[in-house]
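Trainee: model this:
(chains A and B)
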Amino acid sequence: MSLLRIRKPKTRKGKKVLLAREPQLIESARTMLFLDGRKCGGNVKLCMKDLQQLKKPLVKVLNRKNDITPFDDPTSLEFLTMKNDSALFTFGSTSKKRPDNIVLGRVFENEVLDMFELGIKRYQAIAEFKNEKIGTCVKPCLVFNGPKWAQSEELRRLRNLFIDTFQREKVDSIRLQGIEHVISFTVTDDLNILMRSYKILLKKSGQKTPRIELEEIGPSADFSIRRTKIASEDLYKLARKQPKTQNKSKKKNITLDSLGNTKGRVHLGKQQTGSIQTRRVKALRKTPEEKKANRQAKKVALKAAAQEALSS
Amino acid sequence: MDVVKAVLEKHQKELDKYKPISVEKHLECRLDVGTLLITDPNDFDDRQLKENREEYLAALTRDNTQLLVNAIWELSTERVDESIVAKLPEPTTILPRLRKVPGPRPLTKWEKFAKEKGIVKKKKDKKTYDETLDKWVPTYGFKRAEAEKEKEWVMEVPQNVDPNTDMFQKKMDLRNEKVAKNEIQRMKNIVRARKIDMPRSGYLGPEAASSNQLLTALTVAKSSTASVGKFQDKLPKEKEARGLGIKELIPGAKRKASHITDQPEKEANLDLIKSVLNKKPKLDVEKAISMQKRDDRLAREAEAGQQPAKKGSKKGGGKGSRKAVGKKPKGNRGQRAPGKKLQTGRKRR
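Mentor: As a prediction, the model looks like this:
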């Protein structure tokens, strides 16, 4: 049994890093790693830049070129995602055989779960749309158009991956005025994916619910699906296994009134009337004799306790 | 009635001013409000998609977003910091995790054993009464070592060890050894928990092993001989692996190799003889007293009557005189030396 291969952290920070890499019950938000291939420029670079802007601050960008071919040998890719503690990755490259190539994928247990190679057929960056943009860290609405999304396993996985990529964090409440971004993915009959991104304008409708108008803000892209690698059914099932939810005990003594105000009831406990500080009177003070006697009694009690402890 | 009609008409007129919020769909869209997601399974209008794609896509997306927004606006709302917040339901789309769901912590070897035997951990008191110090002393932790130092300010050197040994150092060494052992056991527990099949030691492959690990492997390998590597040749400037847990890997390294020393054999043996011969007998006071008493008694008896005393002295010397008789008979097992005649002893027939 070798003890040599188990790495022991040398510093406190290192220990923290190693602990963060262990399985956790509740995982933090999924960050995306951005990697450049051997050659990465033009539309691919623009597309990656825009994706980074959409996903900020859940991104980790590596600027060097990497001699990686994800579909042939993903080991170094897996290593980099492990090292950067990211769940998703985007790998951009361009070559003669596969021009404007972008690989989207995710990892499970430090191994690639699924990845999709998308070829960029047409690209319009965010900067090309000259209009008012949305703020950062906005949770977008996601729209999937087309009957094809649910028809094949590959496209279902791709849809899941797109949701994973763009949904940002899981939230339990949302500000109604903060719904201002929608990304739509349309799959056409010839299996091209049209990605569009719009700003939502809330207009009056005469009712409580507003009327929606859209304004395109970019990025707008047409992708074609090239190579794909999807996880086996078993692995995918294992990866989606969720922890059992802990039964949350109901919080006591908190009520909500009809106006929407939360009210709490506080228990103060029994009042100790005996030890309340009252006026100091000289007659009630302890004399030195009394204090001494008190101390003696305490000492005797301690000795007795010691004797008892020894004898038992 | 006229009033009601008028109000309704007015409302209708007001509504007509705005565009509608309702959307007609052939097939119902699947909504996941928790993730702000809508999937529209309806077929496209192919002609429109070809001719003016952008407008068509924008209109399609607008309709679907309107459906999603309608669903969101129906959720229960709350006012937080001057903004209206809608409470989202749990998302129905399950996304894969980054790592497996952690299971329960595997038991250590001791915990497993204790569970089998039903050993329950007893809680010790935080402080115990110390008789020699006549005060309460912490059982562990803060100021425990201080108390122990106070208690053991002097340590006796036992008679059977070298009088120059530092007993304090020895105690510290013993403690360090315990710590090292515990560390090894901890590591073993981790290995067991991860269910990794590993060699006990040795070469871990060129990618895995560091120079330190290689050195350890070398040291262990060299010491894997019958004589614990004592006679293995060394390279000039060769180092031995040192550190916690390395001695534990070497079989028999912790045993004292008494018969293997750096000294030449003859010298070592002479030392051994010297150590035996120079051994001072232990002074047993009671035995000494009893011997003295016996001598006194014999002397007294000798003075009282000479004859019985002589008998007694003869009897007393009986055991010692056997030496003069000769060798113990070997009961037909010894080798005969026909030419040699026994010099002394009883004549056997």
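
Trainee: the residue lying closest to B:S76 once chain neighbours are set aside: neighbouring residues, count only.
Mentor: Excluding its sequence neighbours, the residue lying closest to B:S76 (C-beta to C-beta, 6 or more residues apart in numbering or on different chains) is B:K87, at 5.5 Å. Placement of C-beta: from N, CA and C, glycine included. Here the count is done by other C-beta atoms under 10 Å in any protein chain shown, and B:K87 has 11 residues near it.

Trainee: beta partners for B:K87?
Mentor: According to DSSP bridges, the partner residues bridging B:K87 are A:S173.

Trainee: that one contacts B:V80, correct?
Mentor: No: with contact defined as C-beta atoms under 8 Å, B:K87 and B:V80 do not form a contacting pair (10.6 Å).

Trainee: hey, what's in contact with both of those two?
Mentor: Residues within reach of B:K87 and of B:V80 at once, by C-beta atoms under 8 Å, 6 or more residues apart in numbering or on different chains, are A:S173.

Trainee: which stretches in the stretch 1-150 of chain A count as strands?
Mentor: When secondary structure is read from DSSP state E, counting those that start in this stretch, the stretch 1-150 of chain A shows strands at A:32-36, A:59-65, A:88-93, A:101-108, A:111-124, A:141-145.

Trainee: find the least confident helix or strand in chain A, judged by mean pLDDT.
Mentor: The element with the least model confidence among the helices and strands of chain A, by mean pLDDT, DSSP states H and E, is strand A:254-256, at a mean of 85.

Trainee: would you mind pulling the contact partners of it?
Mentor: With contacts defined as C-beta under 8 Å, 6+ apart, strand A:254-256 is touched by A:T262, A:K263, A:G264, A:R265.

Trainee: so where's chain A uncertain?
Mentor: Judged by pLDDT under 70, chain A has its weakly predicted residues at A:1-7, A:246-247.

Trainee: A:L33 and chain B, how far apart?
Mentor: Computed as C-beta to the nearest C-beta, to the nearest Å, the A:L33 to chain B distance reads 12 Å.

Trainee: for stretch A:13-32, buried residues please.
Mentor: When burial is assessed from 16 or more other C-beta atoms under 10 Å in any protein chain shown, stretch A:13-32 yields the following buried residues: A:Q24, A:R30, A:T31, A:M32.

Trainee: check stretch A:89-102 too.
Mentor: Of the residues in stretch A:89-102, A:F89, A:T90, A:F91, A:G92, A:S93, A:T94, A:D100, A:N101, A:I102 count as buried by neighbour count, 16+ other C-beta under 10 Å.

Trainee: which helix is the longest one in the chain?
Mentor: Went with chain A since none was named. Secondary structure of chain A read by DSSP state H shows that its longest helix is helix A:288-311.

Trainee: that's the wrong chain, I wanted chain B
Mentor: Longest helix in chain B by number of residues, with DSSP H as the criterion: helix B:167-194.

Trainee: now find how far off-centre the following helix or strand past that helix is within its chain.
Mentor: Stepping forward along the backbone from helix B:167-194, the first helix or strand reached (DSSP states H and E) is helix B:211-222. The chain centroid and the centroid of helix B:211-222 are separated by 21 Å, computed with C-alpha atoms, centre = their mean, to the nearest Å.

Trainee: averaged pLDDT, helix B:211-222. What do you get?
Mentor: For helix B:211-222, the mean per-residue pLDDT is 83.

Trainee: report all helices and strands that that helix contacts.
Mentor: With contacts defined as 3 or more C-beta pairs under 8 Å, 6 or more residues apart in numbering or on different chains; DSSP states H and E, the packing partners of helix B:211-222 are helix B:246-249.

Trainee: helices or strands up against the helix it packs on?
Mentor: Contact here means 3+ C-beta pairs under 8 Å, 6+ apart; on that basis helix B:246-249 packs against helix B:167-194, helix B:211-222.

Trainee: send me that helix as CSV with only the CA atoms.
Mentor: Coordinates of the C-alpha atoms in helix B:246-249 are reproduced here as CSV (Å, rounded to 0.1, in the frame of the first residue of the first chain):
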residue,chain,number,x,y,z
ILE,B,246,10.1,5.2,5.6
LYS,B,247,11.4,2.9,8.3
GLU,B,248,7.9,1.3,8.4
LEU,B,249,8.3,0.3,4.8
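
Trainee: what kind of secondary structure is the closest residue to A:L310 other than its chain neighbours in?
Mentor: Residue nearest to A:L310 in three dimensions, not counting chain neighbours: B:Y129, with 5.9 Å by C-beta to C-beta, 6+ apart. Of the three states, B:Y129 takes strand according to DSSP: H, G, I helix; E, B strand; the rest coil.

Trainee: for B:Y129, list each beta-bridge partner.
Mentor: B:Y129 has the following beta-bridge partners by DSSP bridges: B:W136.

Trainee: okay, helices next: where are they in the chain?
Mentor: All of this is about chain A. Read by DSSP H, chain A holds these helices, from start to end of the chain: A:12-20, A:42-55, A:75-83, A:153-166, A:233-239, A:288-311.

Trainee: wrong one, chain B
Mentor: Secondary structure of chain B, counting by DSSP H: helices at B:2-17, B:46-51, B:53-73, B:109-117, B:144-151, B:167-194, B:211-222, B:246-249, B:265-277, B:285-304, B:306-325.

Trainee: looking at these, which is nearest to A:D172?
Mentor: A:D172 sits nearest to helix B:53-73 of all the helices of chain B, at 13.6 Å, using C-beta to C-beta.

Trainee: using CSV, list the CA coordinates for the closest one.
Mentor: Taking Å, rounded to 0.1, in the frame of the first residue of the first chain, the C-alpha atoms of helix B:53-73 are listed here in CSV:
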residue,chain,number,x,y,z
ARG,B,53,-35.6,34.5,-41.9
GLU,B,54,-34.6,37.2,-39.4
GLU,B,55,-38.1,38.7,-39.1
TYR,B,56,-39.7,35.2,-38.8
LEU,B,57,-37.3,34.1,-36.1
ALA,B,58,-37.8,37.3,-34.1
ALA,B,59,-41.6,36.9,-34.3
LEU,B,60,-41.4,33.3,-33.3
THR,B,61,-39.1,34.0,-30.4
ARG,B,62,-41.3,37.0,-29.3
ASP,B,63,-44.4,34.7,-29.2
ASN,B,64,-42.6,32.1,-27.1
THR,B,65,-41.1,34.7,-24.8
GLN,B,66,-44.5,36.2,-24.3
LEU,B,67,-45.8,32.8,-23.2
LEU,B,68,-42.9,32.5,-20.7
VAL,B,69,-43.5,36.0,-19.4
ASN,B,70,-47.2,35.3,-19.0
ALA,B,71,-46.3,32.3,-16.8
ILE,B,72,-43.7,34.3,-14.8
TRP,B,73,-46.1,37.1,-14.1
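
Trainee: right, is it up against chain A?
Mentor: Yes: figure legend: helix B:53-73 in contact with chain A (C-beta under 8 Å from any C-beta of the partner chain); contacting residues B:53-54, B:57-58, B:60-62, B:64-66, B:68-70, B:72-73.
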